[in-house]
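A.B. asks: sequence plus predicted model, see below.
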Amino acid sequence: MNTATRRIVVALLALTASLLIAPANAAPRAAAAAPVSISGNVTGGDFDLATFASVEPLRVDALALVGGTWERVGHGTVRFAEHPAPAEPEGTFNLTVDQELGSVRLKFHQARCIDEFGHACPEVGGGVDIPASMVQTTYWDGSPLGTPRVEDATAIDVTDGNVTNRDITLTRSKKVRATVRPTITGSAVPGQVLTAQPGTWSPAATSVGLTWLVGSGSTLGEYDMPAGTGRTFRLTTDHVGASIALQAEPNVFGFESPILQTPYLIVRARSALAVKAKAGKRTATVTLAVKAPGASKAQMQGKASIYAKGKRIKTVNVRNGKATIKIAKQKKGKRTYTVRYSGTWRILPSTKSLKIAIR
């Protein structure tokens, strides 16, 4: 037997021996806890639950207290049979959680719709000019309608396996209406601070959550991302060409309300002109360069016009931030001319005056 083979045999014998002489009282490795399902039936009280849920799904969350905060540890939606039998419940839910959590509490709710700058949320069976009421958020406590506070919900023990019959009846929430819609004040230019006016509500809101959205100015609403919270939002040159909107979410205990969104503001860069003139015999050539922090030269397009005594003489195209304007048939003498840059959807217009001595 060569040396390499001898080493392999010795290693195998040592492994076998270690398994055979393991302590008799050694605890076996615990198997991973299997997921536990929680299920139940959901009814809609005095309204058709399935039709109501067609606007926005009805959601069920399992919550656990983690570090002093209620966190979602499982989630599902209320499901409806396509052709329910007379004895079947209106809706059912089934979600899974980790057995090692010990206990959880159930939250039943419906996501708030977003009323975008006057385009109201649809009303189930009603007019489109009235924001839809949603189901009232409730927590399972063993009673038919549940409780409005998570602290008062009943803990559901999941240590013994699957849990069934956590039934509940959902009710429609009363509406919260905006008596004054939220707005944004301030100039949408880099360096400025926008301020949120949260609006007023009936019933009065105890607080209003304010979220600033930033998206692409050329595709309004398509790529919006939350970019800040609170009453103010500072704009930088990085925001040039972006669309800014504010979402206001009023909080009224015992009520659900739509989230109202303001119209978009497009952030535009300030522009400045650098102009030079070369006079000739009854002619002049004016060259200009556009400066607009936050905009690239390729974005510095538009039109440039030259005026004398308020009368437009000529207009040319601006490309890559530059343009040349040639004027003729001018009267001899020194006079003031004004050059105006039109700007673009992402760059503000600007003007520059200069004196030219025509020969």
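C.D. replies: Great, that's in hand.
A.B. asks: low-confidence bits of the stretch 151-300 of the chain, can you list those?
C.D. replies: For the stretch 151-300 of the chain, no stretch has pLDDT under 70.
A.B. asks: repeat the analysis, applying 80 as the threshold.
C.D. replies: Scanning the stretch 151-300 of the chain for pLDDT under 80 picks out the ranges 175, 221-222, 254, 256-257.
A.B. asks: can you pull out the helices in it?
C.D. replies: In the stretch 151-300 of the chain, no helices are defined using DSSP state H, counting those that start in this stretch.
A.B. asks: where do the strands sit along it?
C.D. replies: For the stretch 151-300 of the chain, strands defined by DSSP state E, counting those that start in this stretch occupy the ranges 156-157, 168-169, 177-180, 183-185, 193-197, 200-202, 207-216, 225-229, 232-234, 242-251, 259-261, 265-266, 272-279, 284-291.
A.B. asks: between the fifth one and strand 242-251, how many degrees?
C.D. replies: Translated: strand 193-197. Interaxial angle of strand 193-197 relative to strand 242-251 (axes from the mean of the first three to the mean of the last three CA atoms, to 10 degrees): 30 degrees.
A.B. asks: any idea how far strand 193-197 is from the middle of the chain?
C.D. replies: From the chain centre to the centre of strand 193-197 is a distance of 18 Å (CA atoms, centre = their mean, to the nearest Å).
A.B. asks: tell me which of the strands of the stretch 151-300 of the chain sits nearest to residue 309.
C.D. replies: Counting by CB to CB, residue 309 lies closest to strand 284-291 out of those; the figure is 15.0 Å. Every residue, glycine included, has its C-beta placed from N, CA and C.
A.B. asks: direction included, what does the closest one pair up with?
C.D. replies: When pairing is defined by DSSP bridges, strand 284-291 lines up against strand 272-279 (antiparallel), strand 322-327 (antiparallel).
A.B. asks: what lies in contact with the first one?
C.D. replies: The contact list for strand 272-279 (CB atoms under 8 Å, 6 or more residues apart in numbering) reads 284-292, 337, 339, 341, 350-352, 354, 356-359.
A.B. asks: point out where the stretch 1-150 of the chain drops to low pLDDT.
C.D. replies: 1-34, 45-48, 51-52, 54-55, 82-88, 112-134.
A.B. asks: the strands in it, which residues?
C.D. replies: Using DSSP E, counting those that start in this stretch, strands in the stretch 1-150 of the chain cover 35-43, 58-66, 69-77, 91-98, 103-110, 114-116, 138-139.
A.B. asks: and residue 309, which of those is closest to it?
C.D. replies: Checking the strands of the stretch 1-150 of the chain against residue 309 by CB to CB gives strand 114-116 as the closest, at 46.8 Å.
A.B. asks: now that closest one: buried residues?
C.D. replies: Buried residues in strand 114-116, counted by 16 or more other CB atoms under 10 Å: 115, 116.
A.B. asks: show me what it is packed against.
C.D. replies: strand 259-261 (3 or more CB pairs under 8 Å, 6 or more residues apart in numbering; DSSP states H and E).
A.B. asks: strands paired with the strand it packs on, and their directions?
C.D. replies: Strand pairing for strand 259-261, using DSSP bridges, gives strand 114-116 (parallel), strand 242-251 (antiparallel).
A.B. asks: now that strand, how far from the centre of its chain.
C.D. replies: 11 Å.
A.B. asks: so which residues make contact with it?
C.D. replies: 112-117, 178, 181-182, 199, 213, 245-249.
A.B. asks: ok so, going back, hmm, which of the contacts of strand 272-279 are the buried ones?
C.D. replies: Among these, those scoring as buried are 284, 286, 288-290, 292, 337, 339, 341, 350, 352, 354, 356, 358 (criterion: 16+ other CB under 10 Å).
A.B. asks: closest one to residue 305 among the strands of the stretch 151-300 of the chain?
C.D. replies: Smallest distance to residue 305 across the strands of the stretch 151-300 of the chain (CB to CB): 10.6 Å, for strand 284-291.
A.B. asks: just to revisit the earlier point, in TSV, list the strands of the stretch 151-300 of the chain along with distance to residue 107.
C.D. replies: Shown next, in TSV, are these (distance: least, CB to CB, whole Å):
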stretch	distance to residue 107
strand 156-157	12
strand 168-169	11
strand 177-180	25
strand 183-185	32
strand 193-197	28
strand 200-202	23
strand 207-216	18
strand 225-229	22
strand 232-234	31
strand 242-251	16
strand 259-261	18
strand 265-266	35
strand 272-279	55
strand 284-291	54
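A.B. asks: residue 46 is nearest to which of the ones you listed?
C.D. replies: Using CB to CB, these put strand 168-169 closest to residue 46, at 9.7 Å.
A.B. asks: give the pairing partners of that closest one; include direction for each.
C.D. replies: Strand 168-169 is paired, per DSSP bridges, with strand 35-43 (parallel).
A.B. asks: roughly how far is the partner strand from the heart of the chain?
C.D. replies: Going by CA atoms, centre = their mean, where strand 35-43 is centred and where its chain is centred differ by 30 Å.
A.B. asks: can you pull the contacts of the nearest residue to residue 58 once chain neighbours are set aside?
C.D. replies: Using CB to CB, 6 or more residues apart in numbering and skipping the chain neighbours, the partner closest in space to residue 58 is residue 78 (4.0 Å). By CB under 8 Å, 6+ apart, the residues touching residue 78 are 42, 49, 53, 57, 58, 59, 60, 91, 92, 93, 108.
A.B. asks: and the last one, how many neighbours?
C.D. replies: Around residue 108 sit 23 other residues, with neighbours defined as other CB atoms under 10 Å.
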